[in-house]
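Chemist: Just a sequence and a predicted model for now, questions to come.
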Amino acid sequence: MNRLYLLIARLRGLFRREKIIDDIHEEMRSHIDMLTETNIERGMAPDEARRVALINFGNLGEKRELAYEVRGGGMFETIWQDLRFGARMLLKHKGFTFVAVLSLALGIGANTALFSVVDAVLLKTLPVEAPEQLVVFAWYAGQPFRIGGMSGTSNVPKPPGTRGLSLFRYQVFEKMRDERAERPDSPLRDLFAFAPMSQLAASIGGHPEIVNGQVVTGNYFAGLGLQPILGRAIGEEDDKPGATPVVLLSHGFWQQRFGADPAVVGQTLKLNRQTFTIIGVTPTDFTGALQVDYRPQLTIPLACEPLLRENSNLGTAKRPGPWWLNVMGRLKPGETIEHARDSLNGTFQATALELMPPPRKEGDAAQLDPKDYPRLFVESGSRGMMDRRRNYSGTIFGLFTVVALVLLIACANVANLLLARAALRGSEITVRLAVGAGRRRLIRQLLTESVLLSALGGAVGVLFAFWGKGALATLADRNTGILPSEVDLNLNWRVLVFTLGVSLLTGVLFGLAPALRATRVDLATSLKQGRRASGTVSRLSKGLIVAQVALSLLLLVGAGLFIRTLYNLQHVNLGFDPENLLLFRLRPEQTGYKDNRLVQFYEQLFQRLDNLPGVSSATFARVSLLADDNSMTDILLPGEAENTAAEHGVNRQVSRENYFATMGIPLLRGREFTSKDDEHAPHVGIVNEFLAQKYFPGADVLGQRVRIDKREIEIVGVVADSKYMSQREEIKPLLYTPWHQELETIGAMYFALRMAGKGTGMEAAVRQAVRELDSSLPVTEVSTQAARAEATLGQERLSARLLSFFGGLALLLAAIGLSGVLAYSVAQRTNEVGIRMALGAQARDVLRLVIWQGMKLVLLGLAIGGACGYGLRRLLEGDYFSSRSWQREMASQLYGIEGTEPIILVVIALLLVVVALVACWLPARKAAKVDPLSALRYE
Amino acid sequence: MKQSADLLQGTLDLLVLKALSLGPLHGYGIIQRIRQLSEELLTVEQGSLYPALYRIEHRRWISSKWGTNETGRKAKFYSLTKAGRKQLAVEERSWDLLSVAIAKVRQAN
């Protein structure tokens, strides 16, 4: 307790400095007066009395100081003094301060920005009651376990050699739910399930649009402990078959589409042609517990899912649905994850095995070995579903490394500048040391200056990070996929605490070495020498510059590689003509079209599209090209029996008759599809050259028959190879079939219109054409093929941009550092320069001297950087990193760069040399202008 | 057992607290009284009193107030607090223990 009083007293002492000094002074004066009085009484003369009194008292100055030490601000006061002094020094050297703060702000700001991403993606917990009690369920089983069908995202950290999902069948969930309800001693208070339902065709107030939603069980909101801010939540009574369909809006959706109208409860909207009643709005910061980049705008009961899906995922007892539900639970207070897992594992295992589909291939055992039985796996659910978070964590840490490197460079920069400047302050420091300031005190004071610098840098850095949120948004662009889109990146207290910590750490980091060095001075010699306290630029300084140059080289070469990759991908041979192609997507199946009605709809639409002015040709297909979209099937070649181990996976495409002509894919042999290839005619197919070569080498593929899904297809044509999923993917076998013969799977199609000219206003014409046929059918994903191709390259483009930005930044920092250090070196060595010039050196020689001093370091840095880069490449090529690590992933992003690496290296090295020359030239010029007389005089 | 530096400090504390236990005094007065009580055996260097005094005041064993002395001169008077009285008892006790211990050591042959 006493310590606290002491601290408080010290703090008060800090503020009442003057008063305390006066108080002490007066008290001591009064004491001495009284002593004097006594002496006078004893018979001394007044002067003598006073003199003796003072002697008896002791050294007044010393006593006053000792007394003040007890009562004064103590530690606080010294810190305050240091801060004031530091601030004065920083203001005195404005140029240095500006450069240092800027360097630090860039480094710290980048780290802050990235940490806010880490926080939003990996750290933030759900805004619900007691999130630490939530758990997420998943499972894994041996490879022989047969899953059947699945739908959704899953990324479970399962043991090697097993398969597993974070998704559950409805029937399995049901049994688990019942098991939990039956046991009053279950460790779980609630067990609930949910799943995304994306791309729903909504009609709000008559306007069609596509929305993302989720289905939840009746106890979802109770389990999460969430109250809606308007209306009521979905409850058990809503989650029954036959109950009135209800829907909850997300806060954002309510604001955007309904203008935050409080009267929204009770209104209705349509989803896939079904009517839903709005019963409430969820809280502001709640976006579901689903994957980090999925934010449902609507929430509906699970029981309503069959209303929206043709083939409900709920399935029946006879035909169970796929693995598609996310399952979460809430633990009772004090319960553990293991207990929860054990309490449901038995039921889960039994049900999963019961519903396992029969073996597909001959020779597969019907029964499973117990070691392969599926097992539950439970983990914390405080952040919701973790699968996509795990996907992103790799990239995020990769980026973090780059950014941390930049900060390191900035620190090295500032450290260098501080070192150089400390050398100049040598005389001041030696004098202070000579009059008795403790070395420790001086170091503390120099460190205070550094921390002040970094604190300023941190504050400005936060500002940069705030402004840079826009740039971060491009990182989170849906197309690039490097970071999850739609993530809330805000600078909350966790981020600010992080920034503070980093700032302080950097301050100490770059300030320590210079502070130690500056105070390690040999007093006698330095006092004699005056200004030149420590000779030349220290080795530490030089080392830092070399390191900066090496790092810059690495980053910029990386940038160069990615730029080259981007160029390669943009100029790869696509196999079709992407210019002037307008794309859009329709999903008539969502609004109830099928069979004849569907065919009729398409034909009517094409009548309109074919005749639109400006359209030279209109077609459609099931898979959109260069959009990371695909469809695969297994085919059987002639002579192969069913259920054999032979299975050939090929890519599939279903298209209109004029597809090849419209897309510009040349027909090599045989014929194209015609309108005669309808559902009554024999089934036909067209393959790409690759498939023909792979499965029918040497033979003529025309006339051959293959089998898919128990149908027989005759190959009637061969077309040229073309890119399918992306520019970088290699060519794979591709089988085309005509749309009339694939009526089951044409419920959603991608349209492509070859335009005669630029096609301005075409989008409106298309929407009009669709609206004329059906005003409730949304037209989505409108784009051009060229834009789509560019979007697929989003990640590469982003990597190129990021590395260029950071590489350029590193280079700038290194150049500034180099320039600064040389400038101070020149300032120190004015005497030497003066002597040389007096002895006959020309300005030219001085210039060369200084420039060479700097360039030596740069060349060394380039050599080291080059060696590191080479070593890095060998590391990546070898197997030191696991194939799924982010290092490997980044390396595999490069495309077609073999052979160009040396060129890129040389180009970047030259760039660095040029920049360095400029950086060296500036201070060199100043040196060359030195007047020998004044330099020598200024001893 | 206390360390030797603490011992010195503790001794001074004890003297000051004892001096003030008989009534409030100013700094000069404290020194007089200590001289008095020890019958001239102990003299404290005048100026060194103050750091000790302020330290004791920080620990709330004494409190201070400006007033006037017998001759009308302004002076700062110190008086013992309740906590100070308790501390005095503690210090006296540990001093007694110390002297007993030292006596025992001296007697040992």
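Modeler: Right, received. Where do you want to start? Numbers count the residues shown, from 1 in each chain, chains lettered A, B, ... in the order given.
Chemist: Which residue ranges of the stretch 601-750 of chain A form helices?
Modeler: Applying DSSP state H, counting those that start in this stretch to the stretch 601-750 of chain A gives helices spanning A:659-663, A:689-695.
Chemist: Deepest in the core, which of the ones you listed is it.
Modeler: Mean neighbour counts were compared across the helices of the stretch 601-750 of chain A using mean count of other CB atoms under 10 Å in any protein chain shown; the top stretch is helix A:659-663, at a mean of 22. (Glycine included, C-beta is placed from N, CA and C.)
Chemist: What's the mean pLDDT across that helix?
Modeler: Mean pLDDT, helix A:659-663: 94.
Chemist: got it, and stretch B:60-67?
Modeler: When pLDDT is averaged along stretch B:60-67, the result is 90.
Chemist: circling back: in TSV: the helices of the stretch 601-750 of chain A, plus distance to residue A:613.
Modeler: Formatted as TSV, those follow (distance: least, CB to CB, whole Å):
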stretch	distance to residue A:613
helix A:659-663	17
helix A:689-695	36
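Chemist: Surely residue A:671 and residue A:719 touch.
Modeler: No. Between residue A:671 and residue A:719 there is no contact under CB atoms under 8 Å: 10.8 Å.
Chemist: higher neighbour count, these two?
Modeler: Neighbours were counted for residue A:671 and for residue A:719 using other CB atoms under 10 Å in any protein chain shown; residue A:719 has more, 25 against 12.
Chemist: Contacts only, for the spatially most central residue of chain B.
Modeler: Centroid-nearest residue in chain B: residue B:16, 1.8 Å away (criterion: CA atoms, centre = their mean). Listed by CB atoms under 8 Å, 6 or more residues apart in numbering or on different chains, the contact set of residue B:16 reads B:30, B:34, B:49, B:52, B:53, B:56, B:62.
Chemist: Mind giving me the packing neighbours of the helix or strand hosting residue A:549?
Modeler: Taking DSSP states H and E as the definition, one finds residue A:549 inside helix A:539-570. Contacts defined by 3 or more CB pairs under 8 Å, 6 or more residues apart in numbering or on different chains; DSSP states H and E place helix A:539-570 against helix A:387-424, helix A:794-828, helix A:843-877, helix A:901-928.
Chemist: What parts of chain A come near chain B?
Modeler: Within chain A, the positions lying close to chain B (CB under 8 Å from any CB of the partner chain) are A:2, A:5-6, A:9, A:23-24, A:26-28, A:30-31, A:33-35, A:37, A:56-60, A:62-63, A:66-67, A:69-71.
Chemist: let's see it at 7 Å
Modeler: Proximity of chain A to chain B, by CB under 7 Å from any CB of the partner chain, involves residues A:2, A:5-6, A:9, A:27-28, A:30-31, A:33-35, A:56-58, A:63, A:66-67, A:70-71.
Chemist: Quick check: pLDDT value at residue 74.
Modeler: With no chain named, the answer covers chain A. 75.
Chemist: wait, chain B
Modeler: pLDDT, residue B:74: 89.
Chemist: Please produce a markdown table containing the helices and strands packed on helix A:539-570, extended by mean neighbour count.
Modeler: Below are those laid out as a markdown table (neighbours: other CB atoms under 10 Å in any protein chain shown):
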| stretch | mean neighbour count |
| --- | --- |
| helix A:387-424 | 22 |
| helix A:794-828 | 22 |
| helix A:843-877 | 17 |
| helix A:901-928 | 18 |
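Chemist: Need these in a markdown table (columns: mean pLDDT).
Modeler: Compiled in a markdown table, the helices and strands packed on helix A:539-570 are given as follows (pLDDT from 0 to 100):
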| stretch | mean pLDDT |
| --- | --- |
| helix A:387-424 | 77 |
| helix A:794-828 | 80 |
| helix A:843-877 | 84 |
| helix A:901-928 | 85 |
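Chemist: With distance to residue A:603 added, can I get those in JSON lines?
Modeler: Below are those laid out as JSON lines (distance: least, CB to CB, whole Å):
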{"stretch": "helix A:387-424", "distance to residue A:603": "40"}
{"stretch": "helix A:794-828", "distance to residue A:603": "36"}
{"stretch": "helix A:843-877", "distance to residue A:603": "54"}
{"stretch": "helix A:901-928", "distance to residue A:603": "54"}
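Chemist: which residues in chain B form strands?
Modeler: Under the criterion DSSP state E, chain B contains strands at B:25-26, B:62-68, B:74-80.
Chemist: so of the residues of chain A next to chain B, which ones are in helices?
Modeler: Among the residues of chain A next to chain B, the ones falling in helices (DSSP state H) are A:2, A:5-6, A:9, A:27-28, A:30-31, A:33-35, A:56-57, A:63, A:66-67, A:70-71.
Chemist: List buried residues within those residues.
Modeler: Listed as buried from those are A:9, A:27-28, A:30-31, A:33-35, A:56-57, A:63, A:66-67, A:70-71; burial here means 16 or more other CB atoms under 10 Å in any protein chain shown.
Chemist: Show me the one of the strands of chain B that comes nearest chain A.
Modeler: strand B:74-80 (4.9 Å; CB to the nearest CB).
Chemist: which helices and strands sit right next to that closest one?
Modeler: In terms of contacts (3 or more CB pairs under 7 Å, 6 or more residues apart in numbering or on different chains; DSSP states H and E), strand B:74-80 is packed against helix A:17-41, helix B:4-21, strand B:25-26, strand B:62-68.
Chemist: wait, which of the ones you listed is closest to residue A:158?
Modeler: Nearest to residue A:158 among the helices and strands packed on strand B:74-80 is helix B:4-21 (64.3 Å), distances taken as CB to CB.
Chemist: avg pLDDT for that closest one?
Modeler: Here helix B:4-21 scores 76 as its mean pLDDT.
Chemist: Now do the contacts for residue A:329.
Modeler: Taking CB atoms under 7 Å, 6 or more residues apart in numbering or on different chains, we find residue A:329 in contact with A:135, A:137, A:188, A:190, A:191, A:340.
Chemist: could you say which helix or strand contains it?
Modeler: Per DSSP H and E, residue A:329 falls inside strand A:326-331.
Chemist: Each with direction, which strands does that strand pair with?
Modeler: Note on strand A:326-331: by DSSP bridges, its sheet partners are strand A:134-142 (antiparallel), strand A:188-204 (antiparallel).
Chemist: which is the next helix or strand following it?
Modeler: Sequence order places helix A:337-354 as the next helix or strand after strand A:326-331, per DSSP H and E.
Chemist: So which bits of the lengthiest helix in chain B are buried?
Modeler: The longest helix of chain B (DSSP H) is helix B:82-107. Neighbour-count burial for helix B:82-107 flags B:84, B:87, B:88, B:91 (criterion: 16+ other CB under 10 Å).
Chemist: Please report the distance of the residue lying closest to the last one once chain neighbours are set aside from residue A:76.
Modeler: For residue B:91, the nearest residue in space outside its immediate sequence neighbours is residue B:14; the separation is 4.4 Å by CB to CB, 6 or more residues apart in numbering or on different chains. When distances are taken as CB to CB, to the nearest Å, residue B:14 and residue A:76 turn out to be 30 Å apart.
Chemist: quick one: contacts for residue 49?
Modeler: Here I'm looking at chain A. A:36, A:39, A:40.
Chemist: you looked at the wrong chain, it should be chain B
Modeler: Listed by CB under 7 Å, 6+ apart, the contact partners of residue B:49 are B:27, B:30, B:31.
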